[in-house]
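# A structural model of the following input is requested.
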Amino acid sequence: MAALLLGCSALTATAVLAAPAAAHPGCEGIDARQCVGLALTAVGGRERLAAIANARFDIAEHTALTEQSYRQAPFITAYERDQVTLDFAGKRQRTDGKALWPESDPGTDQAESAVSVVSIPSRERLELGPERLLLTASAAADLHYLPAETLRSTRHAVVAFAWNGTTVKVLLNADNHLPDAVESTQVFGGDFWFAWGDVAQRVYFDNWKLIGGVLYPTNRIEERNGVLWDSAQVLDLKFNVPLDEKQMALPASAAQQAARPFRWERPFDASHHVALAPGVDLYQGSWNMTFVKQADGIVVLEAPISPFFAQQALAKARADNPGVAIKAVLSTSDSWPHFAGVRQAVAEKLPVYVLDLNRDLVDRAVHAPHALHPDQQQTAPQPAQLRVVSGRLELGSGPNRMVLYPLRGAATERQYMVYFPEHRLLYASDTLSLDDKTHALYDPELMHEVVQAVDREHLAVDRVFAMHQAPTPWADVVRQVEAALKA
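You can find the predicted model right below:
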């Protein structure tokens, strides 16, 4: 009998192991809308969520500076502490905060900055945040199931719905029905992720706390394209607080800003032109661009901001030099806003000179999908003609000859400088910025590394300019670097 019972137990265990996983774990036998209903009940009920007219948060947050031109992963981090009042009913938001910027000079006012702003919150924040996500899903006409997924070793039912031109997925925990994560693919037109087009976003909700009868995730971690990008922890939260209408008043500019979902699609501004030398034309702006005329064509120095901006800049280069072809585009750093226009150069079949360390990054950007907001490279893709700068590289001949040199410093290892020997002129990529009032040098370490590179290559320099700096006497910059070394 014992042997028989053991045999039966073995058969039972085998049957359990062989049983297929539930198609929609935690929501077996019910439809997607009923599954979301279980989630609504788990967080406190539909009525409690719908009754949230506003919320006031105290938030500590850190963000990986993925777009900055220092080094790639692991990234340096920016920190902030914000008091945020979010008015769902009025579609407005006030933020009073303090940001800590790690790239600022130690001990300066730039290292810690205060901000107070009233703005129109993003549609994502209003409709896909913890307060409204389940209500948005429940109201979606096309709400449906997708195959179940495992997250943090736990099975989840997955529901999905169409939203703002994309599909939103919500992962509902099989055991407690809480929404542990929400996924979508979006174009982030308001920040530097715009350079990557269609970005896969996953937001994790965690550290659930009971607040005003609502089970609320006080920790929000955002992942973009597989990078853990941002983490925000709610330290205090109150619902339905009295609002000061004066403090919550939207500025006149708020509606205009909200109406521009793709803020980096800026027109090229040709009004601030500086002739650095015959045939060397600088156009100053938030990101400077320079057109260099050589005997066999035009070299465009940088392709920043966006394909939209770069397209206009390339058109201006051709208009300035009728009948002369553009022979090359130089992209001197790995900062996302610096190379965000390279896709347009590739689409126009132009060779692009990139640093060896940046080749893979730029190549990924060129091939990144842009289906949600197509550019020319998306609609008519061209193979990238990337020319790699791994050492001294001479480009062109004659009076506007250029020589490219990798910088290779601790903070500048992903940048190269461009030297004009006949003009004793140096372009220092993204290393030089002088205070408009004091003329003080921002982050002397950057220019210290440029000075070291100039000495290493035995260059004679009279003037220097950069991505964010007009031409400046080289001797003035060297003096400031020397002073910093003696301080």
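
# phi first, then psi, for the closest residue to residue 264 other than its chain neighbours.
Spatial nearest neighbour of residue 264, chain neighbours left out: residue 306 (4.3 Å); criterion: CB to CB, 6 or more residues apart in numbering. The way it works is simple: take the backbone N, C-alpha and C, and place the C-beta from them, glycine included. For residue 306, the backbone dihedrals (degrees, to the nearest 10) come out as phi -170, psi 160.

# could you do residue 133 as well?
phi -50, psi -50.

# which ones are touching it?
127, 170, 179, 182 (CB atoms under 8 Å, 6 or more residues apart in numbering).

# next, residue 312: secondary structure please.
Residue 312 carries the three-state label helix when classified by DSSP: H, G, I helix; E, B strand; the rest coil.

# does it touch residue 267 like I think?
Yes: using CB atoms under 8 Å, residue 312 is in contact with residue 267, at 6.0 Å.

# the two: which is more packed in?
For residue 312 versus residue 267, neighbours defined as other CB atoms under 10 Å are more numerous around residue 312 (19 against 9).

# can you check the pLDDT for the more buried one?
Per-residue pLDDT puts residue 312 at 97.

# what's the distance between it and residue 269?
9 Å (CB to CB, to the nearest Å).

# if we can go back for a sec, pull the most distant pair out of the contacts of residue 133.
Spatially, the most separated pair among these is 127 and 179, at 13.6 Å (CB to CB).

# which of these two has more neighbours?
Remark: of residue 127 and residue 179, residue 179 carries more neighbours, 23 against 19, as counted by other CB under 10 Å.

# if we can go back for a sec, dump the contacts of residue 133 to CSV, plus pLDDT, distance to residue 420 and secondary structure.
CSV is the format used below for the contacts of residue 133 (pLDDT from 0 to 100; distance: CB to CB, whole Å; DSSP: H, G, I helix; E, B strand; the rest coil):
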residue, pLDDT, distance to residue 420, secondary structure
127, 98, 52, helix
170, 99, 56, strand
179, 99, 57, strand
182, 99, 51, strand
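
# what would those residues look like in a markdown table with distance to residue 299?
Formatted as a markdown table, these follow (distance: CB to CB, whole Å):
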| residue | distance to residue 299 |
| --- | --- |
| 127 | 46 |
| 170 | 50 |
| 179 | 52 |
| 182 | 46 |
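
# from the residues you listed, pick the one nearest residue 217.
Nearest to residue 217, judged by CB to CB, of the contacts of residue 133 is residue 179 at 8.1 Å.

# is it true that that closest one touches residue 171?
Yes: under the criterion of CB under 8 Å, residue 179 makes contact with residue 171 at 6.9 Å.

# picking that back up, and the gap between the residue nearest to residue 264 and residue 209?
Distance from residue 306 to residue 209, by CB to CB: 40 Å.

# so which of the two has more stuff around it?
More crowded of residue 306 and residue 209, by other CB under 10 Å: residue 306, with 23 against 12.

# isn't that one right up against residue 267?
No: contact criterion CB under 8 Å: residue 306 and residue 267 do not qualify, at 10.7 Å.
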